[in-house]
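Enquirer: Need a 3D model of the following:
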Amino acid sequence: MNLLLWWEGTGGAHVELFTVVEGKNILVNDPDEDASLKAYIPSGAVTGETITELPSTGRVAVVGLLPTDGGFSTTKSIELHLQEGNLNSVLNDSVKFSINGESADFTIKTEDGLKKIVHVPVSTGEIAVKVDFKDSTGYERSVEWS
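Expert: A predicted model of the protein is given here:
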């Protein structure tokens with residue numbers, strides 16, 4: 001789950017939510033872009049406090065990052081967890097994993113219904129992670145965290 005908290009103090013400000021598809025910034029909910037992620041509940045979905053899972057868009061979704069911000073150490077693996085959709089899947093041979101801008105070894109495993117891209121670090125210090133991949137419809141995705 002992603003959460004954005006935003007407020008305005010005394011000056012004007014704005015925020016744009018977007019994904020990067022094939023090197024292009026695509027705004028969330030952009031009605032003119034087929035590749036735009038939709039940030040609303042699909043028509044016909046039942047909503048309420050008893051709903052624990054929203055209907056899927058059918059696309060590959062990032063559902064987890066390990067460790068979370070500030071949690072890096074040499075004893076933990078670094079993982080990106082993806083949920084494949086019924087409309088597309090991750091192309092394993094397209095995955096690129098980098099640490100601090102340098103290519104890094106990784107494994108891909110399927111566990112608990114998720115595709116997990118895993119790297120076990122051998123260095124200490126600050127680590128910036130970037131994982132790039134394509135899905136079966138040709139969209140390029142990039143996920144970064146540190």
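Enquirer: From here on, just use CA atoms for contacts and neighbour counts.
Expert: Will do.
Enquirer: Can you get me a residue count around the closest residue to Gly58 other than its chain neighbours?
Expert: The shortest distance from Gly58 to any non-neighbouring residue, by Cα to Cα, 6 or more residues apart in numbering, is to Gly85 (4.1 Å). Other residues within reach of Gly85, judged by other Cα atoms under 10 Å, total 14.
Enquirer: Give me the domain ranges for the protein.
Expert: With domains defined by automatic domain parsing, the chain comprises 13-55, 61-145.
Enquirer: Please identify the buried residues of stretch 24-40?
Expert: For stretch 24-40, burial by neighbour count (16 or more other Cα atoms under 10 Å) applies to Ile26, Leu27, Val28, Asn29, Ala35, Ser36, Leu37.
Enquirer: Please, where are all the strands along this structure?
Expert: 18-21, 24-27, 61-66, 78-83, 96-99, 102-103, 107-111, 114-119, 129-134, 140-145 (DSSP state E).
Enquirer: Relative to Val90, which of these is closest?
Expert: Among the strands of the chain, the nearest to Val90 by Cα to Cα is strand 129-134 (6.1 Å).
Enquirer: elements contacting the closest one?
Expert: Using 3 or more Cα pairs under 8 Å, 6 or more residues apart in numbering; DSSP states H and E as the contact test, the elements touching strand 129-134 are strand 96-99, strand 140-145.
Enquirer: dump the residue contacts of Ser77.
Expert: Leu66, Pro67, Val118, His119, Val120, Pro121 (Cα atoms under 8 Å, 6 or more residues apart in numbering).
Enquirer: thinking again about what came up before, from the strands of the chain, which stretch is densest packed?
Expert: Comparing the strands of the chain by mean neighbour count (mean count of other Cα atoms under 10 Å), strand 78-83 ranks first with a mean of 22.
Enquirer: quick check: angle from that strand to strand 140-145?
Expert: On the basis of axes from the mean of the first three to the mean of the last three Cα atoms, to 10 degrees, strand 78-83 is oriented at 140 degrees to strand 140-145.
Enquirer: Check whether His119 really touches Asp105, as I assumed.
Expert: Yes. His119 lies in contact with Asp105 (Cα atoms under 8 Å); the separation is 6.4 Å.
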